[in-house]
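[1] Turn this into a structure:
(one chain, ligands or ions: 1)
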Amino acid sequence: MPDPVDEIAMLNLAEIRAQFPALRPRDGLAPVYLDGPGGTQVPQAVIEAISNYLRGCNANHGGAFRTSRSSDEMLNYAHAAVADLLHAPSPDEVIFGLNMTSLTFQISRSLAKQWKRGEAIVVTQLDHDANIRPWMLAAEDVGVEVRVVPITPEGTLNEEVLQRHLTGPVRLLALTCASNALGTMPDVARLTRLAHAAGALVFLDAVHYAPHAVIDVQAWDCDFLACSAYKFFGPHVGILWGRRALLEQLPAYKVRPASEALPGKWMTGTQNHEGIAGTLAAIDYLASLGRGSTRRQRLVQAMHAIREYETRLLRCLLVGLRERPAWRVWGLTAENQLSQRTPTLGLTHVCRSAQEIAEFLAQHEIYAWSGNFYALELVEALGLGQGGGLLRLGIVHYNTDDEMQRTLDVLGKLD
Ligand SMILES: Cc1ncc(COP(=O)(O)O)c(C=O)c1O
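    Residues are numbered from 1 along each chain as shown. All right, here's what the predicted structure looks like:
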């Protein structure tokens, strides 16, 4: 069951921004960070959690002495915090690792061991390459067919087309919760049901989605979900959740002395403890923006507030750009489609390259990415592969109305 939301919290932008040291003005002009989909800034609490860990309890886990015990305690808290963020049934189904890409390569190897020639897997053009290539390479190793679901010209997935790819012996659907290039959010709960009805497991990529909306692995009924803390105000740590039965039953590539029990079975080698401490602090930061008696309730409320606020900023950019014929915003742009996207805009200009625009923005202290952002299939499908790709304006909750106006003003100089 999805979590109920009684009341949406209001975000206090002044308080929020004061917590992020990177947002303070440098040489008079505060930078506008529209690079969130490539990695977000971190609040002071995350910086402190990382340095406090290194200062006060830096040790390997599982020892008898104080620092190791403190490390174990911190790790337990961090697994529980991620379980709250994802609505995972149990903290030991949460795996930490280097990043989403590495974790996906890792689990794809184990899953592929069970695939057989004659079977198929399904990936989509909407996805980042980290949720395509690991599966393609794993399929190649064992001679399994890979079917690629095309996107529509609007940058969405057509349900009937997807369903046609789910016929016969299909083992897996790898699907994004949100495109990191266009913001499109497919209905993952619905598509998961279709995949399950066809006998396929579902691996969801929530890397881009995580800072923008509520994740709920139980309501979505997916089998795996991956995300990365550096996209939701934390440090560079990857996260994988898997259904307990699958994590227990699948063979893990691991060293012999490592635990057979969850989560140790999947957490290869010594982990980035300071990063995990920072991840815990990032989740507690997000929870602090909401209200409720449990951390999950606070997280759900906070994410609803973030979603409402970010959509307002998105609308401001869309309205501003609509009046400018030199610009094209790709993906879903109509008012009644905003609930199906994150506030991440992929843009092109009639005659200027995305790189040129990103450099112009940078001269005005506005930080944005250009190119394909590893959403290679998508950018190629839109016919932008040769032309330098898209300019990406990625809004997160620490951005402001003034920043939207400043960005529109600077873009206006290029009209
Ligand atoms: C949607 C999406 N999926 C996957 C990734 C890869 O994540 P990581 O850098 O943690 O490997 C990214 C990174 O930009 C992304 O945006």
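[2] tell me the contacts of residue 73?
    For residue 73, the set of contacting residues under the criterion of CB atoms under 8 Å, 6 or more residues apart in numbering is empty. All C-beta spots, glycine's among them, are computed from the backbone N, C-alpha and C.
[3] Could you confirm it falls within a helix?
    Yes: assignment of residue 73 by DSSP: H, G, I helix; E, B strand; the rest coil places it within a helix.
[4] What pLDDT is listed against it?
    The predicted structure scores residue 73 at 98 on the pLDDT scale.
[5] which parts of the stretch 201-350 of the chain sit against the ligand?
    Proximity of the stretch 201-350 of the chain to the ligand, by CB under 6 Å from any ligand atom, involves residues 205, 207-208, 228, 238.
[6] Dump those to CSV, plus secondary structure, pLDDT and neighbour count.
    Converted to CSV, those look like this (DSSP: H, G, I helix; E, B strand; the rest coil; pLDDT from 0 to 100; neighbours: other CB atoms under 10 Å):
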residue, secondary structure, pLDDT, neighbour count
205, strand, 99, 29
207, coil, 99, 29
208, coil, 98, 29
228, strand, 98, 26
238, strand, 98, 25
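[7] Would you tell me which one of the residues you listed comes nearest to residue 160?
    Within the set of these, residue 205 lies nearest residue 160; the separation is 22.4 Å, counting by CB to CB.
[8] distance of that closest one from residue 188?
    Taking CB to CB, to the nearest Å as the measure, residue 205 falls 10 Å from residue 188.
[9] Now the common contact residues for the two.
    Common contacts of residue 205 and residue 188, defined by CB under 8 Å, 6+ apart, comprise 175, 177.
[10] circling back to that earlier point, among the residues of the stretch 201-350 of the chain next to the ligand, which pair sits farthest apart?
    When CB to CB is used, the two most widely separated members of those are 208 and 238, lying 13.9 Å apart.
[11] how about the strands in this structure?
    32-33, 94-97, 120-124, 145-149, 170-176, 201-205, 224-228, 238-242, 327-330, 344-349, 366-367, 369-371, 390-394 (DSSP state E).
[12] Just send those back as JSON lines, with distance to residue 407 too.
    As requested, those are exported to JSON lines (distance: least, CB to CB, whole Å):
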{"stretch": "strand 32-33", "distance to residue 407": "6"}
{"stretch": "strand 94-97", "distance to residue 407": "35"}
{"stretch": "strand 120-124", "distance to residue 407": "30"}
{"stretch": "strand 145-149", "distance to residue 407": "33"}
{"stretch": "strand 170-176", "distance to residue 407": "26"}
{"stretch": "strand 201-205", "distance to residue 407": "27"}
{"stretch": "strand 224-228", "distance to residue 407": "25"}
{"stretch": "strand 238-242", "distance to residue 407": "30"}
{"stretch": "strand 327-330", "distance to residue 407": "12"}
{"stretch": "strand 344-349", "distance to residue 407": "10"}
{"stretch": "strand 366-367", "distance to residue 407": "6"}
{"stretch": "strand 369-371", "distance to residue 407": "14"}
{"stretch": "strand 390-394", "distance to residue 407": "7"}
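[13] List phi and psi for the residue nearest to the spatial centre of the chain.
    Nearest to the mean C-alpha position of the chain, by CA atoms, centre = their mean, lies residue 207 at 1.5 Å. Geometry field for residue 207 lists phi and psi as phi -60, psi -50, criterion degrees, to the nearest 10.
[14] So it sits against residue 225, correct?
    No: under the criterion of CB atoms under 8 Å, residue 207 lies out of contact with residue 225, with a separation of 10.0 Å.
[15] what comes into contact with stretch 268-281?
    By CB under 8 Å, 6+ apart, stretch 268-281 touches 42-43, 45-54, 58-61, 71, 74-75, 77-78, 81-82, 96-98, 106, 229, 234-237, 239, 253-255, 258.
[16] please redo it, this time with the cut-off set to 6 Å
    Outside stretch 268-281, the residues that touch it by CB atoms under 6 Å, 6 or more residues apart in numbering are 45-46, 49-50, 53-54, 60, 71, 74, 77-78, 81, 96, 229, 234-235, 237, 254.
[17] From the chain's centroid, how far away is that stretch?
    Taking the mean of its C-alpha atoms, stretch 268-281 sits 18 Å from the chain's own mean (CA atoms, centre = their mean, to the nearest Å).
[18] tell me which residues of it are tucked away?
    In terms of neighbour count (16 or more other CB atoms under 10 Å), stretch 268-281 has its buried residues at 268, 271-281.
[19] Distance to residue 361 and pLDDT added to these, as JSON lines?
    Compiled in JSON lines, the buried residues of stretch 268-281 are given as follows (distance: CB to CB, whole Å; pLDDT from 0 to 100):
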{"residue": "268", "distance to residue 361": "40", "pLDDT": "91"}
{"residue": "271", "distance to residue 361": "37", "pLDDT": "97"}
{"residue": "272", "distance to residue 361": "32", "pLDDT": "98"}
{"residue": "273", "distance to residue 361": "37", "pLDDT": "98"}
{"residue": "274", "distance to residue 361": "33", "pLDDT": "98"}
{"residue": "275", "distance to residue 361": "30", "pLDDT": "98"}
{"residue": "276", "distance to residue 361": "34", "pLDDT": "98"}
{"residue": "277", "distance to residue 361": "34", "pLDDT": "98"}
{"residue": "278", "distance to residue 361": "29", "pLDDT": "98"}
{"residue": "279", "distance to residue 361": "30", "pLDDT": "99"}
{"residue": "280", "distance to residue 361": "34", "pLDDT": "99"}
{"residue": "281", "distance to residue 361": "30", "pLDDT": "99"}
